[in-house]
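Colleague: This is a predicted model, with the sequence first.
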There are 2 protein chains.
Amino acid sequence: MILEMSEQETEDFLRTQRVGRIGCHVDGRTYVVPVIFAWQDGCAHVYTTEGLKVTMMRANPSVCLEADEYLPSGAWRSAIVQGTYEEQDEDGAARTLSLLMERMPPSPGRARERERRAGDRAPVAFVIRAVDITGRKVER
Amino acid sequence: MILEMSEQETEDFLRTQRVGRIGCHVDGRTYVVPVIFAWQDGCAHVYTTEGLKVTMMRANPSVCLEADEYLPSGAWRSAIVQGTYEEQDEDGAARTLSLLMERMPPSPGRARERERRAGDRAPVAFVIRAVDITGRKVER
């Protein structure tokens, strides 16, 4: 039986998740792309580089964030967040990076990759600020 | 380093995946929702029940399907499919159910759940027919 999760339960679930998918829409095109995020204070915090998703969210900041977890038992949980794209300034970007490193201690390989990626394209930090949060689950 | 995958490699990846996320958009609202799917012949095949995603895709059949896999090594792959929603007739629905059962042999619990869900809401089978397929990966 599919059960609705409360907003609190859904936020607790979002705090345990690392990979989410952002859906955005501009000029008749809907685009869904995975991101690494950290959930805190009603926002998904993301550190990325310039690219299609950032271009689209700047043009239309009304977006959706989704995260889900499927277990071998058949149990699953999913969260759907309707929210708003807000780009961070330099201080906000530094806080975002600290939060992500605290939640996901980087391996040397990841640190190298981050340096290389940052060298290729301009880094961008943003939050998806929740306007509406819903969650569902099946327990086994 | 992030590498582009060829269309063939991306389709091979999609065939290994069970959970995808559909992004759809109607009247200024973008919605991303997880689905269980089977990839075959350039389409994601889905068997579900009436609900918000089906209502939205009937209103605007231009959608996006995303699937991703993150490994503990830090390697990941993701596929993004721009495609079109096509609802199946009764014969198509039976073929979809066979395909899904072939790829994902159901446990007794899952079969019970499917019966219960089908009892609550009308079942709907559909495909997302790919118009454009892109994939990216990081190898470790």
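Modeller: Thanks, I have it. Residues are numbered from 1 along each chain as shown, chains lettered A, B, ... in the order given.
Colleague: and the lengthiest strand in chain A, is it in reach of chain B?
Modeller: When chain A is scanned for its longest strand (criterion: DSSP state E), the result is strand A:123-138. Yes - using Cβ under 8 Å from any Cβ of the partner chain as the criterion, contacts between strand A:123-138 and chain B involve A:Val138. All C-beta spots, glycine's among them, are computed from the backbone N, C-alpha and C.
Colleague: Equivalent analysis for stretch A:23-43, please.
Modeller: Yes - counting by Cβ under 8 Å from any Cβ, contacts between stretch A:23-43 and chain B involve A:Gly23, A:Cys24, A:His25, A:Gly28, A:Arg29, A:Thr30, A:Tyr31, A:Val32, A:Val33, A:Pro34.
Colleague: how would you label the third one: helix, strand or coil?
Modeller: At A:His25 the chain is in strand, as set by DSSP: H, G, I helix; E, B strand; the rest coil.
Colleague: How many neighbouring residues does it have?
Modeller: A:His25 sits with 27 neighbouring residues when counted by other Cβ atoms under 10 Å in any protein chain shown.
Colleague: same deal with the last one?
Modeller: A:Pro34 is flanked by 23 other residues according to other Cβ under 10 Å.
Colleague: In which helix or strand does it reside?
Modeller: Using DSSP states H and E, the element containing A:Pro34 is strand A:29-36.
Colleague: That strand relative to strand B:29-36, how many degrees between them?
Modeller: For strand A:29-36 against strand B:29-36, the angle between stretch directions is 60 degrees (axes from the mean of the first three to the mean of the last three Cα atoms, to 10 degrees).
Colleague: quick one: the helices in chain A?
Modeller: For chain A, the helices identified by DSSP state H occupy A:7-16, A:52-59, A:90-103, A:108-120, in order along the chain.
Colleague: Report all helices and strands that the strand holding A:Pro34 contacts.
Modeller: Taking 3 or more Cβ pairs under 8 Å, 6 or more residues apart in numbering or on different chains; DSSP states H and E as the contact definition, the neighbouring helices and strands of strand A:29-36 are strand A:19-26, strand A:43-49, helix A:52-59, strand B:19-26, strand B:62-70, strand B:76-87.
Colleague: Average pLDDT for stretch A:49-59, rounded please.
Modeller: Stretch A:49-59 shows a mean pLDDT of 96.
Colleague: Which strands border the strand holding A:Pro34, and is each parallel or antiparallel?
Modeller: strand A:19-26 (antiparallel) (DSSP bridges).
Colleague: Next up, the contacts around the nearest residue to A:Arg103 once chain neighbours are set aside.
Modeller: Ranked by Cβ to Cβ, 6 or more residues apart in numbering or on different chains and with sequence neighbours excluded, the top spatial neighbour of A:Arg103 is A:Ala38, at 4.7 Å. When contacts are counted by Cβ atoms under 8 Å, 6 or more residues apart in numbering or on different chains, A:Ala38 is found next to A:Arg18, A:Ala44, A:His45, A:Thr96, A:Leu99, A:Leu100, A:Arg103, A:Met104.
Colleague: same question, A:Gly135
Modeller: When the contact criterion is Cβ under 8 Å, 6+ apart, the partners of A:Gly135 are A:Glu4, A:Met5, A:Ser6, A:Glu7, A:Glu9, A:Thr10, A:Phe13, A:Arg77, A:Ser78, A:Ala79, A:Ile80.
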